[in-house]
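Engineer: compute the structure for the input listed below.
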Amino acid sequence: MKKSSNGSSKVSAADDPDPPAKDVRVCTGVHGLDGLLGGGFPVGSFILLSGTCGTGKSIMGMQFLYEGAEKGEPGVYLSMEEEPDRLIYDMSGFSWDLRKHMDEGRLVIAKPEIYESDAIKRMIVDSVERIGAKRLVIDSFTLLSSYLEHPFDVRKMVFDLSREIKKLNCTALAISDVQEGTHSYSTNGFEEFVADGVVVLSLTQASATGAYTRTLLVRKMRATQHSLKLMPFKIEKGGLKLYPEAELFG
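Structural biologist: This next block holds a predicted model:
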């Protein structure tokens, strides 16, 4: 990290860890999504999973980890709000045996006791290193950043956390809660520029009927050619199922 002329810290390209091997992908676990991303998320990427309430962000996060556990890729779910037992109960309606993977060391659900950014960062690193995790979900990144008072501290935390995750060669989903009607993909308005990818879950209303449909948009994904089409999805027994060929309200 270099110092600018005014003494503030800047992140330079030299600070970044070595990039992963070209075009290595991590399956998302969402039916219909991997094909649009060249096989999945780029390995070691920091993905912002953004959306309003009720769109399925936490479900997609757990689905991503469950897919990894099934493939022998351990994962960590950092729950900033829900207790682990409550989170497991909330996910019990899906066809996922979370307890099995937790007992066998392929899934860790952690909740911090101290809400301080350095302590949480250490907890993430320790949890990932302890099980050799290849996947990480932070739920929610919005709540984590709310414990910092100054925008500079939030920005620094985003950079630091993104760099730490890349050093661990871990692919991360950071859940971002946004308010209805906002044009931003994060609470602070800059996380989407730091992230390697932005996936947006929404509730889209048909003007003719007033009915809502859940939709997914890949707004950004580095090193990936992808569609900018708004695509409908459903939440089923196996989690999110995307219909990329369907026309919205068609």
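
Engineer: buried ones in stretch 107-122?
Structural biologist: When burial is assessed from 16 or more other C-beta atoms under 10 Å, stretch 107-122 yields the following buried residues: 107-110, 112, 117, 120-121. For glycine as for every other residue, the C-beta is placed from the backbone atoms N, C-alpha and C.

Engineer: an error on my part: the question was meant for stretch 26-40.
Structural biologist: Neighbour counts using 16+ other C-beta under 10 Å place 26-34, 36-37, 40 of stretch 26-40 among the buried residues.

Engineer: which members of those are positioned in helices?
Structural biologist: Nothing among the buried residues of stretch 26-40 maps onto helices, per DSSP state H.

Engineer: ok, the residues you listed vs residue 173, which is closest?
Structural biologist: The closest of the buried residues of stretch 26-40 to residue 173 turns out to be residue 28 (C-beta to C-beta; 9.1 Å).

Engineer: now the element after the helix or strand where residue 156 lies, going C-ward?
Structural biologist: Here residue 156, judged by DSSP states H and E, is contained in helix 151-167. The C-terminal neighbour of helix 151-167 among helices and strands, as given by DSSP H and E, is strand 171-177.

Engineer: hmm, back to that, the buried residues of stretch 26-40 in strands, which ones?
Structural biologist: Among the buried residues of stretch 26-40, DSSP state E puts residue 26 in strands.

Engineer: which single one of the buried residues of stretch 26-40 is nearest to residue 76?
Structural biologist: Using C-beta to C-beta, residue 26 comes nearest to residue 76 of those, at 14.2 Å.

Engineer: any idea how far that closest one is from residue 179?
Structural biologist: For residue 26, the distance to residue 179 equals 30 Å [C-beta to C-beta, to the nearest Å].

Engineer: who are the contact partners of the residue most central in space within the chain?
Structural biologist: The chain has residue 173 as the residue nearest its centroid, 1.7 Å off, counting by C-alpha atoms, centre = their mean. The contact partners of residue 173, taken as C-beta atoms under 8 Å, 6 or more residues apart in numbering, are 47, 49, 60-61, 64, 136-138.

Engineer: among these, which are in helices?
Structural biologist: Mapping these onto helices (DSSP H) picks out 60-61, 64.

Engineer: just the buried ones from those, in ChimeraX syntax?
Structural biologist: Applying 16+ other C-beta under 10 Å to the ones in helices among the contacts of residue 173, the buried members can be selected in ChimeraX as follows:
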select :60,61,64
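
Engineer: residue 209: which of the ones in helices among the contacts of residue 173 is nearest?
Structural biologist: Ranked by distance to residue 209 (C-beta to C-beta), the ones in helices among the contacts of residue 173 are led by residue 60 at 26.0 Å.
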